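>>> Below are the sequence and a predicted model for it; my questions follow.
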Amino acid sequence: MKNKILITLLIISTYSFGQVSGTLKYHANQQIKLLGYAGFETIELAKTTIDSSGKFSLNDNTQYKGMGYLETEDKSQLFVVINEPTITVNGTHLKEPDNIKIGNSIENQLFSQYAKEHSQREQALAGWKYLLPQYQQIPLLQKQIKNTKFIQKEINRLEDEDGRFLNNLDKSTYVSWFLPVRKLLEDMPLSAQRYPERIPKHISDFRQFNLNDKRLYHSGILDDLLEGHYLLLENSGMPPDSMYAQMNVSTDYIIENLTENEALLNEVANFLFNLMEKRSLFKTSEYLALKLLNQNSCTLEGGLSRQLETYRAMKEGNTAPDIDFSMGETINTTNTKKLSEMPQEYTLVVFGAAWCPQCAEEIPKLKEYYQNWKKAYNIEIVFISLDHNKEDFTAFTNKFPWINYCDYKSWESEVVKDYYVFATPTLFLLDENRKIVLRPNSIEQVNAWVNAKLEINQLDQGNK
């Protein structure tokens, strides 16, 4: 969720332009911008310079309707919804919200009222929900039946009151759409932590969203909604197989909902793919990639299509491309000319570079495991460098006892393209026939695989 939101102003109108004006005393002589949202991007709608007395006037003639925000030269922000012909902002400094007065904004009053009361209700609910099991389970308190019934009644009242506030809003207003979405975003992490009984409804609510809705596209919360939903599933307490199954259902819904909107589908797919990679949800990212690549009704952008192709071309069980070490410079190759000539039972192929901060931190850790891996399963390591010059390559790899290779072509290297590498470090564990055994997301995962295999072998030997 975005921590940068200080105040949200909700303004609805049929007008096709908006003016935001007022006085901000402590921002005198600073530049001020009015910014909006287009999917995952921020766009500039208008800008001006606040005069020496703190007065300013911004005119948006773009016909933009949705969430936006004011940003001053010192990066202070005040969030607005741009749909009304005029709005006034008067005060001292945007970082002093208690001193900011907003004019011409009835819906903002509703939003502020709900935000305050919703927070109070949630705090009260947390207390009552803590007490309820105490009165239900502790023998000393179980006798207090009236108190138990009162606590349950109060919990129900608070939850119903929240729903009634939202249901009673004028359906023609923006706030009637925006507040339930914001509520869902705020409730999802709380539900995962405290109220698991709410999770099924949150999942259902998400799968009813029309992701093509312009109100969502210009809301600034499209990324929060998508990320919040998958994090909710990840932290729902489901068994892993059930969690991945539910993620795939949501992925299906998203793709089907956006099939006719190729531009937005590409934006959303790229965001989800990066999110899943970051969260190490590789089963889900693989499902997303294959689902999109097998779609006949939409066109993927070239970069995204190639990035997703790694899951089809380099999935576990496939044969990895051979690597010809004579095409570049090598360190510690002995007489080995190709990857296919290596006699080891397993080979860990690692893509990285000296300029990659994570590589500089992670790859030297391989030395801690190298000898144990070789002893246990005859695992060899091949490091493929994406460095540009010999000095960096040599300085980074001169203490690595395994094969190191570099052709100084970085991302344009044929081996990098053959293995569909889009980030460093990237790892592949191959067997003696170059079959992909594992696509580990970390060195620790490789070590866990080795330890698990050792335990299985020990059990097998013990059963003989």
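Structure received.
>>> Helix or strand: which one has Leu308?
helix 302-313 (DSSP states H and E).
>>> mean confidence for that helix?
The average of the pLDDT scores along helix 302-313 is 77.
>>> What of stretch 443-462?
72.
>>> One more: stretch 415-428?
On average, the pLDDT along stretch 415-428 is 90.
>>> now do stretch 273-292
Stretch 273-292 shows a mean pLDDT of 86.
>>> buried residues in that stretch?
273, 275-277, 281-289, 291-292 (16 or more other CB atoms under 10 Å). All C-beta spots, glycine's among them, are computed from the backbone N, C-alpha and C.
>>> So what touches it?
226-227, 230-231, 234, 244, 247-248, 251-252, 255, 269, 272, 298, 300, 304, 307-312, 315, 423, 439, 441-442 (CB atoms under 8 Å, 6 or more residues apart in numbering).
>>> got the end-to-end distance for it?
One end of stretch 273-292 to the other measures 11 Å (CA to CA, to the nearest Å).
>>> Ok, stretch 318-325 next?
Span of stretch 318-325 from end to end, CA to CA: 21 Å.
>>> Going along the chain from the strand or helix carrying Arg164, find the next helix or strand for me.
Using DSSP H and E, Arg164 sits in helix 145-167. Using DSSP H and E, the helix or strand that follows helix 145-167 in sequence is helix 175-193.
>>> Secondary structure element holding the most centrally placed residue in the chain?
Residue closest to the average C-alpha location in the chain (CA atoms, centre = their mean): Leu275, at 3.9 Å. Assigned by DSSP H and E, Leu275 falls within helix 262-278.
>>> Which residue ranges make up the domains of the chain?
For the chain, automatic domain parsing gives the domain ranges 8-104, 169-313, 325-459.
>>> can you tell which of the ones you listed is closest to Phe150?
For the domains of the chain, the distance to Phe150 is smallest for domain 169-313, at 20.0 Å, taking CB to CB.
>>> what's the offset of the closest one from the middle of its chain?
Counting by CA atoms, centre = their mean, to the nearest Å, domain 169-313 is centred 10 Å from the centre of its parent chain.
>>> Check stretch 348-366 too.
With CA atoms, centre = their mean, you get 24 Å for stretch 348-366.
>>> Tell me the span between the first and last residue of it.
10 Å.
>>> who touches it?
By CB under 8 Å, 6+ apart, stretch 348-366 touches 320, 323, 339, 373, 379-387, 392-393, 395-396, 399-400, 402, 410, 416, 419, 421, 424-430, 442-443, 446.
>>> in it, what counts as buried?
For stretch 348-366, the neighbour count (16+ other CB under 10 Å) marks 348-354, 356, 359, 362-363, 366 as buried.
>>> Can I take it that Leu429 is in a strand?
Yes - per DSSP: H, G, I helix; E, B strand; the rest coil, Leu429 lies within a strand segment.
>>> Skip the chain neighbours and tell me the closest residue to it.
Nearest residue to Leu429, sequence neighbours excluded (CB to CB, 6 or more residues apart in numbering): Leu438, at 4.1 Å.
>>> Was I right to think the one you found contacts Lys315?
No - look at Leu438 against Lys315 with CB atoms under 8 Å: they stay out of range, at 11.1 Å.
>>> are any of the contacts of stretch 348-366 buried, and which?
The neighbour count (16+ other CB under 10 Å) marks 320, 323, 339, 373, 379-387, 392-393, 396, 400, 402, 416, 419, 421, 424-430, 443, 446 as buried among the contacts of stretch 348-366.
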